[in-house]
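Q: Got a sequence here, can you model it:
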Amino acid sequence: MKEFEQKFESVLSLVAKAEPVHKVLKDLRISEDFIAWCLNDPQRKEMYEQAQAIGTEVLAYQMLEMSSNPPDPEQLAFYKVKTDVLKFLMKSWNAKRYGDKQQLEVTNQIDISDAMAAAQARLTKGITIEGD
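A: Coordinates of the predicted model:
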């Protein structure tokens, strides 16, 4: 675990640059147990998720750059796959900002008039509170 602690900041720095964590761990020769170690501690997990959120901004910039420089027609399929992968990563790493938004609309009406009438009847009869 000491190895994980020593390399934690390095991993976060690279994740914040949109490097995939598995590649980072491989390059730094860190066991994949690092991920469980990181996610099992609330503070480390929050720091890791913040690094991922920063990394999504890097990915967004990469996508903007790609759209500014249209590819050759024979490369369109490759760029389509690449942008789809980047969008998936952005949704996964920062769902709050880039995830699909769902809206729930409720149109049911509830009639509580019977319950209110019963409550009013109890008040009219008078309620005795026992104890004091």
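
Q: List the buried residues for the helix or strand in which residue 38 is found?
A: Per DSSP states H and E: residue 38 is located in helix 33-39. By 16 or more other Cβ atoms under 10 Å, the buried positions in helix 33-39 come out as 34, 35, 37, 38. The C-beta positions use only the backbone N, C-alpha and C, and glycine is treated the same way.

Q: by contact count, what packs against it?
A: helix 2-15, helix 21-27, helix 42-68 (3 or more Cβ pairs under 8 Å, 6 or more residues apart in numbering; DSSP states H and E).

Q: Kindly reformat the buried residues of helix 33-39 as TSV containing pLDDT.
A: As requested, those are arranged in TSV below (pLDDT from 0 to 100):
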residue	pLDDT
34	94
35	93
37	95
38	93
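
Q: Would you check which pair of the residues you listed lies furthest apart?
A: Based on Cβ to Cβ, the longest span within the buried residues of helix 33-39 runs between 35 and 37 and measures 7.2 Å.

Q: rewinding a little: outside of the helix holding residue 38 itself, which residues are in contact with it?
A: Helix 33-39 has contacts (Cβ atoms under 8 Å, 6 or more residues apart in numbering) with 1, 4, 7, 8, 11, 21, 25, 44, 45, 48.

Q: So residue 108, which state does it fall into?
A: coil (DSSP: H, G, I helix; E, B strand; the rest coil).

Q: Thank you, goodbye.
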